[in-house]
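> fold the following for me, if possible:
(one chain, ligands or ions: 1)
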Amino acid sequence: MELHAVLMGRVPVGCVPMSVDEAKLRGRWEALVAEIEAHNRRYYIDASPIISDRAYDALFRELQELEDAHPALRSQESPTQRVGGLPVDALSKFTHPTPMLSLQNSYDEQDIRDFDERVKRQLDLSADHSVRYLVEPKLDGMAMELIYEGGVLAVGVTRGDGLVGENVTPNVRTIRNLPLRLVPDSTGEQVSSTAGSGSQASLFAPTPGPQTKASSAALPTRVAIRGEVVMPQDSFQKLNERRVSEGLEPYVNARNSTSGTVRNLDSRIAAAAPLRFYAHSAGVCEGRSFERHSDFLAFADAMGFQVPAGITACDGIDEVIAALAAIEDRRASYPYDIDGAVVKIDDHDLQARLGFVSRSPRWSMAYKYAAEQATTRLLAIDVQVGRTGVLTPVARLEPVFVGGVVVSNATLHNRDELERKDIRAGDLVVVQRAGDVIPQVVRPLVEKRTGTEVTFVFPDQCPECRAPVVEVEDEVALRCANEVDCPAQTRARVAHFASRKALDIEGLGVKLVAQLVEEGLVRSIADLYSLDGQRTALLALERMAETSVDNLLAGIEASRSAPIHRLLFGLGIRFVGETVAKRLCGHFGSWEALASATQEELEEAEEVGPIVADSLRTWFADERNQQLITAMSDGGVQFPDEARPEALPAHPFLGKSVVVTGTLSSMGRSEAKAAIEARGGKSPGSVSKKTDYLVAGENAGSKLEKARKLGLNVLSEDDFLQLLG
Ligand code: IVH
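Coordinates of the predicted model:
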């Protein structure tokens with residue numbers, strides 16, 4: 001028997017004749033792995049290390065040397081694998097063994113009481129029955145599924161669309177506070193998870209201290225542990241400070257940088273990042289069952305996972321409401337962002353009896369805390385011109401710390417919003433930031449005005465090119481009418497064209513685009529394709545040298561043979577997002593077929609509704625756009641036929657009915673509908689049992705009431721924007 005096969009665990013060790021030396025080596029390896037992982041746990045989870053960094057490093061080095069000398073010993077579960085490996089070309093897709101669902105949201109006490117009543121009605125329990133719930137903090141991170149086979153971490157997969165995610169295993173292995181193999185922690189105290197006889201017992205201690213331990217009986221043969229990957233706020237701040245000092249753009253928030261890191265093709269980047277994993281639910285579980293969710297959490301804790309602090313067992317809804325408030329009170333003391341709490345029925349039988357509605361369990365409810373707010377001074381109001389010419393007022397703020405980040409700019413959305421809120425330059429304003437959403441100015445503190453504040457007059461000329469500003473029917477937005485050569489629009493269009501999801505042109509970032517436009521080297525996307533002849537002019541630009549010019553030109557050259565769906569998306573046609581572009585190109589197969597398609601033909605493509613089709617028709621009919629395509633083609637862009645439709649990321653709105661009601665502050669009704677259509681949904685005018693989501697803007701009335709009665713998924717504007725991505 002080969003030593004290699006034995007060491008890789010492919011053969012049961014007991015039946016293999018192993019030489020004394022081999023057994024010794026393997027024994028030492030096992031002992032080192034167990035010891036190092038135990039120290040990892042003490043350091044990263046319990047925050048009470050018992051050896052010095054130096055002693056730890058010595059153990060680690062010994063393990064590394066042992067594996068270097070006997071490579072057959074090295075396996076995926078070794079702590080040496082936490083340092084990352086060679087970069088990969090792309091992330092592969094992975095189908096979740098069971099779908100990862102989402103939670104219904106609630107926003108106030110009444111929603112929670114309604115939830116409890118619904119639960120009791122559906123379970124045929126009397127109104128005065130106390131259901132046992134768990135209340136957990138809701139971590140604002142990146143959802144992750146970790147699949148352990150035979151007790152060893154086999155796969156780490158992102159949530160994706162809930163059915164299929166991305167395989168990020170090498171990156172996940174670098175997360176220090178998760179076990180690479182499930183090892184029951186026998187040092188832990190055995191505490192019953194029902195401790196406290198139901199009166200708001202906190203199941204897991206908030207800080208290091210006695211943790212609940214489950215019996216370590218029966219390791220499941222295959223188990224999926226689900227939870228959130230987060231980056232603690234202090235680490236996030238430090239990371240951003242370092243980026244700024246290196247002349248890089250700071251990340252917008254901890255969640256974005258977490259997901260960027262977890263999805264990075266180079267796992268060494270993840271290894272260097274301060275990522276942490278917190279377990280909160282189970283997916284597939286074979287060879288072991290749990291009576292209650294609290295039993296599962298105790299099991300996860302005992303197996304070496306960290307669970308969020310502050311999980312509370314509650315008898316009845318009054319205790320739930322108190323627990324929700326308690327977590328909200330401690331919100332700021334959590335080391336990572338939390339955006340609410342999650343209420344779950346503890347008993348698995350009751351969960352199974354309740355089942356699911358659309359993509360959410362009936363036995364659980366997320367409770368979203370109000371966005372964090374802060375007060376600061378609004379220094380000035382600027383107007384930004386986007387790639388389609390839309391003018392967006394932006395508040396320049398005295399920097400203020402809110403919702404985990406320093407905010408110095410906030411969107412004011414549009415003129416209507418600005419006027420409705422009567423926000424003036426010089427005002428003290430309330431700023432809020434929730435989750436991933438762009439910071440917003442909530443209201444001015446009118447009572448603090450001194451009389452020196454200045455009402456903003458929306459310009460009737462474009463601040464960049466002085467062209468007239470026009471109102472478009474049925475849209476809230478105002479636009480700069482100069483589509484052709486407004487430098488702001490050109491900059492935004494070219495930057496979008498070069499961006500990662502479009503043509504992904506290496507070396508062509510926002511700053512370089514601005515220079516190219518400023519110097520008159522680029523007046524349209526097509527001009528990128530004549531830059532080959534402009535070496536001298538390029539070399540004369542700031543921060544450009546031979547190598548950077550070579551890189552830029554190589555990036556542009558590569559984009560000449562890019563697939564047409566990237567080109568279509570990159571052209572920035574209204575309502576044509578990444579998904580729609582892929583569908584269209586897959587459907588029509590060639591640029592010519594797409595460009596000459598009629599409105600009806602366009603609507604035949606999946607995910608294309610009348611608004612999207614009309615936008616495309618108008619774009620292709622415009623002579624200037626035809627000239628642009630000709631010029632690109634003259635510059636060597638190939639517009640190759642699309643052989644096969646790409647596998648598309650399914651969107652939660654795909655095939656769903658999404659009704660919009662009330663006033664949205666960020667877009668008009670028809671824009672919202674187009675955005676839904678663009679993601680493959682339908683947006684009818686009225687609510688029925690068939691409605692999948694109701695998007696409720698401000699002053700939503702009877703439709704919202706009806707949706708609540710029907711128990712439909714109700715989305716706030718923020719939720720909607722997040723889902724739109
Ligand atoms: S339980 C059926 N518990 O919030 C869904 N989720 O929309 C089971 N989340 O996708 C999820 N903290 O990624 C659960 N304590 C917690 C959570 C939590 C954060 C995330 C999760 C889920 C989303 C809900």
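> now for residue 686, how many residues are close by?
Residue 686 has 10 neighbours, counted by other Cβ atoms under 10 Å. C-beta: built from backbone N, CA, C; applies to glycine.
> can you pull the contacts of it?
659, 703 (Cβ atoms under 8 Å, 6 or more residues apart in numbering).
> surely it is in a helix?
No - going by DSSP: H, G, I helix; E, B strand; the rest coil, the assignment for residue 686 is coil, not a helix.
> mind pulling the model confidence for it?
Listed pLDDT for residue 686 reads 87.
> same check on residue 38?
At residue 38, pLDDT is 92.
> and the helix or strand hosting it, which residues are buried?
Under the criterion of DSSP states H and E, residue 38 resides in helix 20-40. By 16 or more other Cβ atoms under 10 Å, the buried positions in helix 20-40 come out as 22, 25-26, 29, 32-33, 35-37, 39-40.
> closest to the ligand out of those?
Nearest to the ligand out of these is residue 40 (Cβ to the nearest ligand atom; 23.4 Å).
> which residues touch the closest one?
Contacts for residue 40 were tallied using Cβ under 8 Å, 6+ apart; they are 79, 176-177.
> with residue 546 instead?
Neighbour list for residue 546: residue 539 [criterion: Cβ under 8 Å, 6+ apart].
> can you redo the buried residues of helix 20-40 as JSON lines with distance to the ligand?
Formatted as JSON lines, the buried residues of helix 20-40 follow (distance: Cβ to the nearest ligand atom, whole Å):
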{"residue": "22", "distance to the ligand": "44"}
{"residue": "25", "distance to the ligand": "42"}
{"residue": "26", "distance to the ligand": "39"}
{"residue": "29", "distance to the ligand": "36"}
{"residue": "32", "distance to the ligand": "34"}
{"residue": "33", "distance to the ligand": "30"}
{"residue": "35", "distance to the ligand": "32"}
{"residue": "36", "distance to the ligand": "29"}
{"residue": "37", "distance to the ligand": "25"}
{"residue": "39", "distance to the ligand": "28"}
{"residue": "40", "distance to the ligand": "23"}
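> which residues touch residue 76?
For residue 76, the contact set (Cβ under 8 Å, 6+ apart) comprises 152-154, 173, 180.
> list buried residues within those.
Using 16+ other Cβ under 10 Å, the buried ones in those are 153, 173, 180.
> below-threshold pLDDT in this protein: ranges please.
1-17, 184-217, 244-250, 252, 404, 434-437, 474, 643-650 (pLDDT under 70).
> name the residues of it found near the ligand, please.
101-103, 136, 138-139, 143, 228, 280-281, 342, 361, 364, 366 (Cβ under 6 Å from any ligand atom).
> most neighbours among those, which one?
Most surrounded of the residues of the chain next to the ligand: other Cβ under 10 Å gives residue 136, at 29 neighbours.
> mind checking how far that residue is from residue 327?
According to Cβ to Cβ, to the nearest Å, residue 136 and residue 327 sit 8 Å apart.
> overlap of the contact sets of those two?
Common contacts of residue 136 and residue 327 (Cβ under 8 Å, 6+ apart): 310, 312, 341.
> list the contacts of the last one.
Same thing as residue 341. Applying Cβ under 8 Å, 6+ apart to residue 341 gives the contacts 135-138, 323-324, 327-328, 366-367, 369.
> again with residue 716
Shown in contact with residue 716 (Cβ under 8 Å, 6+ apart): 105, 107, 368, 696.
> swap in residue 317?
112-113, 116, 131, 133.
> need phi/psi at residue 368.
Backbone torsions of residue 368, given as degrees, to the nearest 10, read phi -90, psi 130.
> so which residue of this protein comes closest to the ligand?
Residue of the chain nearest the ligand, by Cβ to the nearest ligand atom: residue 143 (3.2 Å).
> make sure that residue is indeed in a strand.
Yes - counting by three-state DSSP, residue 143 is located in a strand.
> I'd guessed it sits against residue 226; true?
Yes - assessed by Cβ atoms under 8 Å, residue 143 is found in contact with residue 226 at 7.0 Å.
> ok so, going back, now tabulate the contacts of residue 40 in TSV and tack on secondary structure.
Listed next are the contacts of residue 40 as TSV, based on three-state DSSP:
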residue	secondary structure
79	helix
176	coil
177	coil
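> from those, pick the one nearest residue 628.
Using Cβ to Cβ, residue 176 comes nearest to residue 628 of the contacts of residue 40, at 50.5 Å.
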